[in-house]
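> sequence? don't have it. structure:
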C-alpha cells in the first residue's frame, strides 16, 4: 500500500516537472520573439523615413519578412517575421483615438498603397509579427505588436 502511494506521488511529481519545463521553454521562446519584434521596430525607426514604406514592402530591402534565429520556423519555407503597414482605422481600433495621419481630412484612410502615398503620411502605423513552431513542433505560436513610426521632420 505504501509503495503504491509512493509510486503515484513520484509519477505526479515527474509529470509536474515536465509541465514546468514546457512552460519555461514557451516563456523563453516568447521572450525571443518579443526581442526580435522590438529590434525590428528600432531598425525601422533608424531607417530614413522617406524610404521606409518602400524598403519594408514587397520588393524593397530589407523587405517585409525576416528570419528569427533561436526559433523554429512556423512551416517549411515560411518566414518567422512579417512587417505590415496599417491604415488609420487600425490606430483607432488599437488606441481608441481617431487620427488623420496623411492630412486628407479623414480618419479612415487605408494603408498607403505606394511610396508616393506613404510620403504624405506624417506617421506610419506598422504591425510586426513573429510566428514560430514551438519547441515540441506541435503548435504554431504568435507574438505581434502594433506601433507608429513618426516622420522626424514633421512638426
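That came through, no problem. Source: prediction; values computed, not measured.
> Which residue comes closest to the residue most central in space within the chain once chain neighbours are left out?
A centroid search over the chain (C-alpha atoms, centre = their mean) returns residue 129, at 2.4 Å, as the residue closest to the centre. In space, and not counting its chain neighbours, residue 129 is closest to residue 144: 4.0 Å by C-beta to C-beta, 6 or more residues apart in numbering. C-betas here are computed from N, CA, C, even on glycine.
> isn't there a strand covering the one you found?
Yes. With DSSP: H, G, I helix; E, B strand; the rest coil as the criterion, residue 144 is assigned to a strand.
> if we can go back for a sec, secondary structure element for the residue nearest to the centre of the chain, which one?
Assigned by DSSP states H and E, residue 129 falls within strand 123-133.
> Can you name every helix or strand that that strand contacts?
Using 3 or more C-beta pairs under 8 Å, 6 or more residues apart in numbering; DSSP states H and E, the elements in contact with strand 123-133 are helix 2-46, strand 81-85, helix 88-95, strand 140-150.
> Comparing these, which yields the minimum mean pLDDT?
When the helices and strands packed on strand 123-133 are ranked by mean pLDDT, helix 2-46 comes last with a mean of 73.
> ok, back up a step: now for the residue nearest to residue 129, how many residues are close by?
14 (other C-beta atoms under 10 Å).
> quick one, what contacts it?
37, 127-130 (C-beta atoms under 8 Å, 6 or more residues apart in numbering).
> Most neighbours among the residues you listed, which one?
residue 130 (26 neighbours).
> ok, now how distant is the closest residue to it other than its chain neighbours from residue 112?
Counting by C-beta to C-beta, 6+ apart, residue 130 lies nearest to residue 33, which is 4.1 Å off, once chain neighbours are set aside. With distances taken as C-beta to C-beta, to the nearest Å, residue 33 is found 27 Å from residue 112.
> These two: which is more packed in?
Per other C-beta under 10 Å, whichever of residue 33 and residue 112 has more neighbours is residue 33, with 24 against 21.
> Specify the beta-bridge partners of the residue nearest to the centre of the chain.
Beta-bridge partners for residue 129, by DSSP bridges, are residue 82, residue 144.
> Read off the pLDDT value for it.
97.
> cool, and residue 97?
pLDDT at residue 97 comes out at 86.
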